[in-house]
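# Structure for this input, please:
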Amino acid sequence: MLSGGWPWNSCDDLSHASLHLQVLHACNSAFATVHTAETNQFEGTRAGCHFALPIGLGPGKPHPLGPTLMSASKASRPQDVVCTMNFAVFSRHATNMNLCLMRADGTGYLEVALDPATNRTGDVWHVQLPGLKDVGSLCYGWRPNGAGNWAEGGCFHPAYIMLDPYCPRALPVELPQAAYDAAPLLPPEGSVEGPCLLGSLAHLVDLFDWEGVERPTRTLEETVIVELDVAAFTTGSDADASVRSEHRNTYLGVIDRLADIKATGATAVLLGNVFLSSNKPAGAADGASSNGTSAGAGNPQVRRPLSFFAPDTRFAAGGNPGDAANQLKELVKAVHKEGIEVLLEAEFCLTSEAGGGIGGRLQSYAGLDGDMYLRGGGGPEATGVLNTGQPVVRQLLLDALRWWVTEYQVDGFCFVNAENLTQDPHGGVLDSPPIVEELASDPLLASCKLIAASANDSLLPRSGVRGFPHYGVLLEWNNHFGADMLGLLRDNAGGLLSTFATRMTGSQDLFAARWDGGLPGGLAAGRRPAFGVNALEPPLSGSLLQLAGAAEDLDRAEIVARSLLMAVLVAQGTPAFNAPTLSRKGLLRFVRGVLKIRKKYKHLLAPSMFD
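Reported below is the predicted structural model:
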């Protein structure tokens, strides 16, 4: 029974998909609101100082964030197992928070409002729901509200359901009419165009068999990195011969081309962004896409992450976005079987949460609490830049990295736009950024290959003269190497011979110890030459031939490209090159030949430490 005079509407019981329950707030207490057809408004707060909870609902726990399975009954069929789930989300500035649940096919709907008196601890909102059946088909999201509405430049718009930053998986779901009926406001356009990305609980029932395949163990000195974008690598003329038509633009398509990866001689694959992302047409303003989904191919350069836990569903073969997670695991397993490591590009700077104008499509961070998650705050003018200086964001990113290592068995990460990790909540550059210290000291993550790739070295501590803070653990994408090699070998710039020698012998200006300059330990400590990743451009950039000047003179570009590749492959450090570089058979043979020489003379070209 419900105390306190709660009107409520149930189409069924808690174990069935068609349940529809609206629970909102009154007198800082939970109760169900009534929609009045005559005035087209929801009733406001009722008098009284009591509070009550629906029978069976628990206050929940603030930790861990995200969805957590608390208990499960025994049953002969998985869909008959009765589960108790805890849900928790961070939002300091929200004054109201609703949990929304529905089935992945859009059927059924349950929306429960959380009472600040019982369902909030500090800045975390939480609730425990018992009696949930077939949790693998459940999707969920959060509907926050607070002071400062969207139309006035604030963060919140309760017409939209937000994706949980901690959702392990996400699916595009067509919202049922009940989701609009329960909202205190309608979206500016009346309804949400296209599917809404919601968290999925399928990870609780999907068991993946790794078949005993273990991670390869590669030292830095033997590591050679090939960079590839899933979409680009599995489509186009290079992929036609080996990638099945149904596997193009998918994780499985990479498996189809595994022989091509092995042929390069690489020992590690750096996968371009596979985090759940929103895609924008080429030339669109940086920010969220018009429909907020991750569907469609588009240009990988304009894809921005939306979730740091969930894999991108756009690369799932077979038309079922729910298969994305297991297919990505199949990719990792297949690559590991060949003794090749898997590294992931991790974009912890630009997100898809840039402001989209008044009433723009909110998806996650900007709508949950943009003032905490994003630099410059949320609202229509949100920058979409992740505020890595905030403790809650640091916790989010560290938890996400641990999730990828444990759940997907990946071997490391390349942090693009890494300069954002060195800034405090207000944008000040720190010599010893807390998130980098935690990365370097984490027992799980510190054992992985962690590469910092900054886009603008001048935004690093001490203007980047010593590179990225590393604590003797993090590798660094050596931007100086590419700039100096291109200047000498492509542009014939003068005065670079001494610099060329420095780059070929391990860039000791960046990586040798320097304790006499008053630098903190994270910058002063020395690193072996292999901690420097030698590449010609930022991670996952364009074709080497185009970089070498193919647009002006293809024959000259071929010669320049070979010279540049030779420098990358024999310089002291860890070589990295882009997969499109090897689309020309001549360049592929050249790379394989030089890598054989590198392996033969490893003690000279890849020394573990200088004398």
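
# how about low-confidence regions in the stretch 301-450 of the chain?
Applying pLDDT under 70 to the stretch 301-450 of the chain picks out residues 301-302, 355-361.

# residue ranges for the strands of it, please.
304-305, 341-347, 412-416, 449-453 (DSSP state E, counting those that start in this stretch).

# Nearest to Glu211 among the ones you listed would be which one?
Nearest to Glu211, of all the strands of the stretch 301-450 of the chain, is strand 341-347, at 16.0 Å by C-beta to C-beta. All C-beta spots, glycine's among them, are computed from the backbone N, C-alpha and C.

# Dump the strands of the stretch 301-450 of the chain into a markdown table; add distance to Pro469 as well.
A markdown table is the format used below for these (distance: least, C-beta to C-beta, whole Å):
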| stretch | distance to Pro469 |
| --- | --- |
| strand 304-305 | 23 |
| strand 341-347 | 17 |
| strand 412-416 | 12 |
| strand 449-453 | 8 |
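
# Tell me which of those strands approaches Met372 most closely.
Nearest of the strands of the stretch 301-450 of the chain (C-beta to C-beta): strand 304-305, 17.5 Å.

# thinking again about what came up before, how about the strands of the stretch 301-450 of the chain in a markdown table, adding mean neighbour count?
A markdown table is the format used below for the strands of the stretch 301-450 of the chain (neighbours: other C-beta atoms under 10 Å):
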| stretch | mean neighbour count |
| --- | --- |
| strand 304-305 | 24 |
| strand 341-347 | 23 |
| strand 412-416 | 25 |
| strand 449-453 | 24 |
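
# And for Trp469, the neighbour number?
One thing to correct before we go on: residue 469 is Pro, not Trp. Using other C-beta atoms under 10 Å, Pro469 has 28 other residues around it.

# list the contacts for it?
By C-beta atoms under 8 Å, 6 or more residues apart in numbering, the contact set of Pro469 is Thr422, Asp431, Ser432, Pro433, Val436, Leu460, Pro461, Pro520, Gly522, Leu523.

# Make a PyMOL selection of whichever of these turn out to be buried.
Burial among the contacts of Pro469 is assessed by 16 or more other C-beta atoms under 10 Å; the matching PyMOL selection reads:
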select buried, resi 422+433+436+460+461+522+523
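
# so His426 touches Gly389, yeah?
Yes - between His426 and Gly389 there is a contact under C-beta atoms under 8 Å: 7.2 Å.

# neighbour-wise, which of those two wins?
Neighbour totals were compared for His426 and Gly389, and Gly389 leads with 21 against 8 (other C-beta under 10 Å).

# Now that one. Nearest residue, chain neighbours left out?
Pro425 (3.7 Å; C-beta to C-beta, 6 or more residues apart in numbering).

# for the one you found, what are its contacts?
By C-beta under 8 Å, 6+ apart, the residues touching Pro425 are Asn387, Gly389, Gln390.

# Tell me which helix or strand in the protein has the weakest average pLDDT.
The weakest-scoring helix or strand in the chain, judged by mean pLDDT, DSSP states H and E, is strand 29-31 (a mean of 31).

# was I right about Asn249 contacting Ala232?
No - counting by C-beta under 8 Å, Asn249 stays clear of Ala232, with 9.1 Å between them.

# returning to what we had before: measure the residue nearest to Gly389 to Gly376 for me?
11 Å (C-beta to C-beta, to the nearest Å).

# Tell me where the stretch 351-500 of the chain has helices.
365-373, 391-407, 434-441, 479-485, 497-504 (DSSP state H, counting those that start in this stretch).

# Output the below-cut-off pLDDT ranges for the stretch 1-150 of the chain.
1-56, 149-150.

# try 90 this time
For the stretch 1-150 of the chain, the stretches with pLDDT under 90 are 1-57, 75-80, 106-108, 146-150.

# That one: strands as residue ranges?
Using DSSP E, counting those that start in this stretch, strands in the stretch 1-150 of the chain cover 22-26, 29-31, 35-36, 41-42, 66-72, 82-90, 96-103, 110-113, 120-121, 124-133, 138-145.

# Now those strands in a markdown table, please, with extra columns for mean neighbour count and distance to Gly272.
As requested, these are exported to a markdown table (neighbours: other C-beta atoms under 10 Å; distance: least, C-beta to C-beta, whole Å):
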| stretch | mean neighbour count | distance to Gly272 |
| --- | --- | --- |
| strand 22-26 | 22 | 42 |
| strand 29-31 | 25 | 45 |
| strand 35-36 | 12 | 46 |
| strand 41-42 | 14 | 45 |
| strand 66-72 | 16 | 25 |
| strand 82-90 | 22 | 29 |
| strand 96-103 | 23 | 32 |
| strand 110-113 | 23 | 37 |
| strand 120-121 | 17 | 38 |
| strand 124-133 | 20 | 33 |
| strand 138-145 | 25 | 27 |
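
# Compare those and give me the one nearest Arg562.
Nearest of those (C-beta to C-beta): strand 66-72, 49.4 Å.

# who touches the closest one?
Counting by C-beta under 8 Å, 6+ apart, 61, 81-89, 128, 135, 140, 164-168, 199, 201, 204, 309 sit against strand 66-72.

# can you check stretch 581-596 too?
Stretch 581-596 has contacts (C-beta under 8 Å, 6+ apart) with 224, 226, 238, 260, 263-265, 543-545, 558, 561-562, 565-566, 569-570, 577.

# Try it again at 6 Å.
Asp238, Thr264, Gly265, Leu544, Arg562, Leu569 (C-beta atoms under 6 Å, 6 or more residues apart in numbering).

# ok so, going back, do you know which of the helices of the stretch 351-500 of the chain lies nearest Ala104?
helix 391-407 (19.9 Å).

# How far does stretch 106-118 stretch from one end to the other?
Terminal residues of stretch 106-118 are spaced 30 Å apart (C-alpha to C-alpha, to the nearest Å).

# That one: how far from the chain's middle?
Distance of stretch 106-118 from the chain centroid (C-alpha atoms, centre = their mean, to the nearest Å) equals 27 Å.

# Check stretch 57-77 too.
With C-alpha atoms, centre = their mean, you get 25 Å for stretch 57-77.

# what's the span of that stretch, first residue to last?
Stretch 57-77 stretches 25 Å from its first residue to its last (C-alpha to C-alpha).

# Could you do stretch 232-243 as well?
12 Å.

# For it, buried residues please.
In stretch 232-243, counting by 16+ other C-beta under 10 Å, buried: Ala232, Phe233, Thr234, Thr235, Asp238, Ala239, Val243.

# what kind of secondary structure is the first one in?
Put plainly, it is Ala232. What DSSP: H, G, I helix; E, B strand; the rest coil gives for Ala232 is helix.

# Do you know the pLDDT at it?
For Ala232, the model assigns a pLDDT of 92.

# roughly how far apart are it and Gly322?
Relative to Gly322, and taking C-beta to C-beta, Ala232 is found at 24 Å.

# who wins for proximity to Val533 among the strands of the stretch 301-450 of the chain?
Closest to Val533 of the strands of the stretch 301-450 of the chain, according to C-beta to C-beta: strand 449-453, at 5.8 Å.

# Run me through the strand neighbours of the closest one, direction for each.
Strand pairing for strand 449-453, using DSSP bridges, gives strand 412-416 (parallel), strand 475-477 (parallel).

# outside of the longest one, which residues touch it?
Translated: strand 412-416. 270, 343-348, 448-453, 539.

# ditto for the last one
Outside of strand 475-477, the residues within contact range by C-beta under 6 Å, 6+ apart are Ile451, Ala452, Ala453, Gly467, Phe468, Phe531, Gly532, Val533.

# again, only using 10 Å
By C-beta atoms under 10 Å, 6 or more residues apart in numbering, the surrounding residues in contact with strand 475-477 are 220, 223, 225, 412, 414-416, 418, 449-455, 457, 460, 466-470, 507, 510-511, 527-528, 530-535, 537-539, 573-574, 576.

# Quick one: the helices in the stretch 501-611 of the chain, in order.
In the stretch 501-611 of the chain, the segments counted as helices under DSSP H, counting those that start in this stretch are 508-511, 521-524, 544-547, 554-570, 585-600, 602-605.
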